[in-house]
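Peer 1: sharing a sequence plus its predicted fold:
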Amino acid sequence: MNDKWYKILIGVCLAGLVVGSWGMFQRLAYGHLPMNYGSFVPWGLWVAFDLFFLGLTAGAFLITILTYVFRIKLLANLGPLAVFTVLVTLMAEFLIIILDLGHPLRTYRFLISPNIGSMLFWLVVFIVSMWVIYVPWLYSLLREQLILYSQDPHRPGQTFYRWLTFGKTTYTAEDRRRDHRRSRFLSFLSLPIGVIFFGAHGAIFAILHNRPLWNSAMLPLIFIMAALLSGGALITFLAYLFQPSDELIHPLGHVVLMILLSFLFLEALQFFVGYQSKVTNIVTSLDLIVFGPFWWAFWIVHLLIGSIIPAFLLIRYPENSKMVAWACFLIIVTFLAVRLNYLFPDLAVYKLEGLQNTFFHSRLRTDYVPNLNEWLVSLWVTSLGLLIFMLGTRWLPVIAAGRGEEEHV
């Protein structure tokens, strides 16, 4: 990425942090009171963003597994960048969900007073586990380059790099073997933890009996496919920006196309089964998706811009890296609509007939629309994540460490 676009994106991130700080102040000072969700719609925009960040994490996770577990050399250059991306998106996901769940500074109570029967407890456990695995993994991948950076007198930030290397000035062949063994071990450890982590998100929705649209064994699979789609698109787009190689981007484009078509098939299957079941709550929820007040989010944003156009580009121009990158970019920026379509319609259906006429209060309605404060908090978290990612790609050797990585995969 050239300096011009880098500076523009840094400016956009800083502007997003400044603008979004008002929403963060409202959330930290007044809790959930300034927000629009309530008793009947307890999960709002931030849960949708949590699922969005989950998808971005999944794509980077998939690249790390394919690179370091299955040793696909074609993806080796993306390995360190993918590990770093997992950490950044995990940070954004964790931050947005603790703001949604309650008091952010009380998150530790999940671990010191656990309820092992709660899926939310296990979700926190696996988020922490992913961090415990990926932080030392990233350090093992970057340590050689960090030491080289610390010894380069022409590179700014010498104190920073010496601090990261704990004053170490040489990197021996034994150090290299040790880091590769550690990286290999952590990659195998991350495979079961990651799969359970991504499946657990779908399970949180699937176990809710009074949410018939969610209460399905197929939902965790749909969540995993959705996560792989958005995350795969992200990694392909990042590959175009940081490792522009036709030999890498073209096969990634084919993979994204296959995942996109598979996801659309599962989505169509869910609609077909839902309508054929003729269960009132399911049919009503599906009607809200396709015919409700936000029909455009499904038909225009998700299906047209986020699915049909990318599929056309990937099928029509499979050997054009720029078109592949554009297709992946469209999938990424429109995928929040997919998360919103899965989250809100089932919450918008009253589960007891006449309940809407029993109590009258803004917190006891299902016609939820995110307010400005919720969007500002989401903007702040997204800007923070993007800022950390941009600074990391500039100051950490996540790109340089990927060059020549093939011999270690």
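Peer 2: Thanks, I have it.
Peer 1: show me how this structure divides into domains.
Peer 2: Segmentation of the chain into domains, based on automatic domain parsing, reads 1-210+374-409, 218-350.
Peer 1: closest to residue 358 out of the ones you listed?
Peer 2: domain 218-350 (9.8 Å; C-beta to C-beta). All C-beta atoms are positioned from the backbone trio N, CA, C, and that covers glycine.
Peer 1: mean confidence for the closest one?
Peer 2: Averaged across domain 218-350, pLDDT comes to 89.
Peer 1: cool, and stretch 398-409?
Peer 2: Stretch 398-409 comes out at a mean pLDDT of 67.
Peer 1: quick check: which element contains the closest residue to residue 114 other than its chain neighbours?
Peer 2: Distances taken as C-beta to C-beta, 6 or more residues apart in numbering place residue 121 nearest to residue 114, at 5.2 Å, with adjacent residues excluded. Using DSSP states H and E, the element containing residue 121 is helix 119-150.
Peer 1: that helix - contacts with which helices or strands?
Peer 2: helix 79-101, helix 109-112, helix 158-164, helix 173-206 (3 or more C-beta pairs under 8 Å, 6 or more residues apart in numbering; DSSP states H and E).
Peer 1: rank these by pLDDT, which is bottom?
Peer 2: Minimum mean pLDDT among these: helix 109-112, a mean of 77.
Peer 1: buried set for that one?
Peer 2: In terms of neighbour count (16 or more other C-beta atoms under 10 Å), helix 109-112 has its buried residues at residue 110.
Peer 1: show me what it is packed against.
Peer 2: Using 3+ C-beta pairs under 8 Å, 6+ apart, helix 109-112 sits against helix 119-150.
Peer 1: list the contacts for the most centrally placed residue in the chain?
Peer 2: The residue lying closest to the centre of the chain (C-alpha atoms, centre = their mean) is residue 53, at 2.3 Å. Residue 53 sits next to 89-90, 92-93, 96, 385 when contact means C-beta atoms under 8 Å, 6 or more residues apart in numbering.
Peer 1: what's the distance between it and residue 60?
Peer 2: 11 Å (C-beta to C-beta, to the nearest Å).
Peer 1: same deal with residue 269?
Peer 2: Residue 269 is 27 Å from residue 60, by C-beta to C-beta.
Peer 1: more neighbours, these two?
Peer 2: Neighbour totals were compared for residue 269 and residue 60, and residue 60 leads with 26 against 12 (other C-beta atoms under 10 Å).
Peer 1: could you find the closest non-adjacent residue to that one?
Peer 2: residue 85 (3.8 Å).
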